[in-house]
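Trainee: Give the three-dimensional model of this entry:
(chains A and B)
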Amino acid sequence: MERIHSLYLHVPFCTWVCKYCDFNAYAVLEGLIPPYVDALAREIGVACAELPIGPLDTVFIGGGTPSLLTTAQLRQVMEPVRAIGMAPDAEVTLEANPSNVTSERVGGWLALGVNRLSIGVQSLQPDALRFLERLHSGADAIAAIRTARAGGFSNINADLLYGLPGVNLAGWLESLEVVLAEGVEHLSAYELTVESKTRLGQEVRTGLVRMPDADNQLEQYWAAVARLEAAHYGHYEISNWARPGFACRHNLAAWHYQPYLGCGAGAHSMFRRNDGSTERRWNMNGPHTYIKQASASGHAVAGSEALSAERALGEAAMIGVRLLDGTSAARDFPAQRTHLVDAGLLAEQDGNVRLTRRGIELANQVGAAFLV
Amino acid sequence: MLGTAPTVEYRVTLRNGEEVPVDNPDHLPSPSEIESISEPIVLATIVVPSAYVGNMMQLSQERRGQYLNTVYEPGDRVVLTYRMPLAEIIHDYYDQLKSRSKGYASLDYELVGFEEANLVKLDVLVGGSPVDALSMIVDRSKAQQQGRRLAEKLKSLIPRQLFEVPIQAAIGGKIVARETVPAMRKDVTAKCYGGDVTRKRKLLEKQKEGKKRLKRVGNVEIPQEAFMAVLSLD
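Mentor: Residues are numbered from 1 along each chain as shown, chains lettered A, B, ... in the order given. Sure, this is the predicted structure:
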């Protein structure tokens, strides 16, 4: 098995689960975090004894809201992670809700080796934050960025959402501008996606909420692309921008089809066998069952699938084309490549291919072409 | 499996005097070679309660029926007789007959011969390519209207593709109707991280599986239902 250098840790708790969210997240239940942290630490410890892993190049602690953990709880999680061994320049990301970013916590995170903070700003428009059910204000989010900066973070990401009902192009660019003024190193801008099994999905189905149409969504997207280019951010993935040297290495590893281990409720792992085949497996979603299983055995795998070498190549190309500097992952699909180039969705570049502007708008069609 | 419209056998007299049977619109000789076309005619007998006589007459007239006779029988039964082209009956005439008489009407018909008619071939071009399975032989007076309705129907049945798809109906090379299926505007997932990959791949695989059921004509993928559209134009 190919050696693993990336680790994802999932913390599925939130103070409030926003109505658009379909991640594996649960409103925090009193008393559940301590046994969850115990179970997570156990799972990490067992996995590293069984798998060829480390030294770690990247660690990503996502959620949910991992910034809800106390410093002591995070330390408990980081102990078995450090035991795996960390590369000297390892990237360690923590996702944070603006409400939790205090100077005490920032100090604790840095002391535990966290060196990249991803802050869920989402929007700076008061109406939009209310609509999204965020519990923080725009001012809170900006204060969180400043607190992280003042505390010593030199690699900060802001997550933003566009294509929100009631926010026009000017409103979206205003949010973007305010965040840019903070000099964040990295920016993720996601189109608000309506997932059917969320309250937003229900509201859209019943007609309570009307989503902007595709033209409006794309207008906001391309306006952000232009603005961020002018601000010298590299657009390296469909929804991700970074200052030079600040692309998220953890996500890049996954997009380059490198193996990773995921621990925690609902976390996914990807392993590469020596014969080119891929194994994906995922943990139980529910925190109660996860705690029970992981603390008893150190395992909480709910399911897995094996992809033949051929299908793995297709999956790698499906993911790889999302990287906008171009990918070599499509090299094994000459016929599809030619077809997509002819259709104006891909462009050839130094032997690689990259999405054209139209290709970005239809990226799923491009990705699907490589699935055999 | 590709279903095509049921059709009748036409007798085509060529300019050189030869008579050829044609049962597939696509095999119709070019208009310049054709002297005349005859189509099979039936004697249709409709038995219906008197309350629905008006509906039956209207339906039969829409289908180029030539009224012959009405007989009132005991028990509120009316027997209507029409001469009609067989081609007008085989599509959904019977369904219409039933639905416009609340199920009471019955139909019987027998072939009585062939009769010259003013018929033309209606061609359909999708994305610029003629689609043989969509062409039909129709009465000239109805051809333009049929072409328009067929194009509209196909527009609603052909899914958006990567590029704009023109749908044209043509008679002897002259376009009589045009609709356009706009290009797909957007199909992109905002987030695709490690945990999203399996779900996303399965979704795309499922969409791809659905596409396999589409028939490819030139660059355009056409669903089976579109080929059935010619059956239910009325």
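
Trainee: Next, count neighbours for the closest residue to chain B within the stretch 1-150 of chain A.
Mentor: Closest to chain B within the stretch 1-150 of chain A is A:Tyr8: 6.2 Å, counting by CB to the nearest CB. The way it works is simple: take the backbone N, C-alpha and C, and place the C-beta from them, glycine included. Neighbourhood size, A:Tyr8 [other CB atoms under 10 Å in any protein chain shown]: 25.

Trainee: For it, give the beta-bridge partners.
Mentor: A:Phe60, A:Gly262 (DSSP bridges).

Trainee: for the one 5 residues further on, same thing?
Mentor: Partner residues in beta bridges with A:Phe13: A:Tyr26, with DSSP bridges as the criterion.

Trainee: ok, now how distant is it from A:Glu195?
Mentor: 19 Å (CB to CB, to the nearest Å).

Trainee: now do A:Lys19
Mentor: With the distance defined as CB to CB, A:Lys19 ends up 10 Å from A:Glu195.

Trainee: In contact with the residue of the stretch 1-150 of chain A closest to chain B, which residues are there?
Mentor: A:59-62, A:250, A:260-264, A:267-269, B:194-195 (CB atoms under 8 Å, 6 or more residues apart in numbering or on different chains).

Trainee: can you rerun that using 10 Å?
Mentor: Taking CB atoms under 10 Å, 6 or more residues apart in numbering or on different chains, we find A:Tyr8 in contact with A:58-62, A:93, A:250-251, A:254, A:260-264, A:267-270, B:193-195.

Trainee: ok, now A:Thr65?
Mentor: Contact analysis of A:Thr65 by CB under 10 Å, 6+ apart lists A:11-17, A:25, A:28, A:95-97, A:99-100, A:120.

Trainee: Can I get the buried part of these as one PyMOL selection?
Mentor: Here is the PyMOL command that selects the buried residues among the contacts of A:Thr65 (16 or more other CB atoms under 10 Å in any protein chain shown):
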select buried, chain A and resi 11+12+13+14+17+25+28+95+96+97+99+100+120
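
Trainee: what about A:Leu209, neighbour count?
Mentor: Let me fix one detail, which is that residue A:209 is Val and not Leu. 18.

Trainee: Now do the helices in the stretch 101-250 of chain A.
Mentor: Applying DSSP state H, counting those that start in this stretch to the stretch 101-250 of chain A gives helices spanning A:103-111, A:126-132, A:138-151, A:169-181, A:199-205, A:214-230, A:249-255.

Trainee: can you list the residues of the stretch 1-150 of chain A near chain B?
Mentor: A:6, A:8, A:10, A:23-24, A:60, A:62 (CB under 10 Å from any CB of the partner chain).

Trainee: Common neighbours of A:Lys19 and A:Glu195, please.
Mentor: Residues touching both A:Lys19 and A:Glu195 by CB under 10 Å, 6+ apart: A:Gly201.

Trainee: how distant is the biggest strand by length in chain B from the center of its chain?
Mentor: In chain B, assigned by DSSP state E, the strand with the most residues is strand B:34-49. Its chain's average C-alpha position is 18 Å from that of strand B:34-49, according to CA atoms, centre = their mean, to the nearest Å.

Trainee: If we go by neighbour counts, what in stretch A:70-85 is buried?
Mentor: Within stretch A:70-85, the residues that count as buried by 16+ other CB under 10 Å are A:73-78, A:80-81, A:84.

Trainee: what mean pLDDT would you report for that stretch?
Mentor: Taken as a whole, stretch A:70-85 has a mean pLDDT of 97.

Trainee: Do a quick rundown of the helices in chain B.
Mentor: Residue ranges of the helices in chain B, as given by DSSP state H, are B:53-62, B:86-90, B:93-99, B:140-157, B:197-212, B:224-228.

Trainee: Deepest-packed of these, please.
Mentor: Greatest average neighbour count among those goes to helix B:86-90 (a mean of 21), per mean count of other CB atoms under 10 Å in any protein chain shown.

Trainee: Now do it: everything it contacts.
Mentor: B:5-10, B:39-42, B:44, B:59-60, B:62-65, B:82, B:93, B:97, B:107, B:109, B:111-112, B:114, B:117, B:119, B:136-139, B:142, B:231, B:234.

Trainee: so how far is chain B from the residue nearest in space to the middle of chain A?
Mentor: Centroid check for chain A by CA atoms, centre = their mean gives A:Asn251 as the closest residue, at 6.9 Å. Separation of A:Asn251 from chain B (CB to the nearest CB, to the nearest Å) stands at 6 Å.

Trainee: how about the residues of the stretch 1-150 of chain A next to chain B in CSV, adding pLDDT?
Mentor: What follows is the residues of the stretch 1-150 of chain A next to chain B, written out as CSV (pLDDT from 0 to 100):
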residue, pLDDT
A:Ser6, 98
A:Tyr8, 98
A:His10, 98
A:Phe23, 92
A:Asn24, 92
A:Phe60, 98
A:Gly62, 97
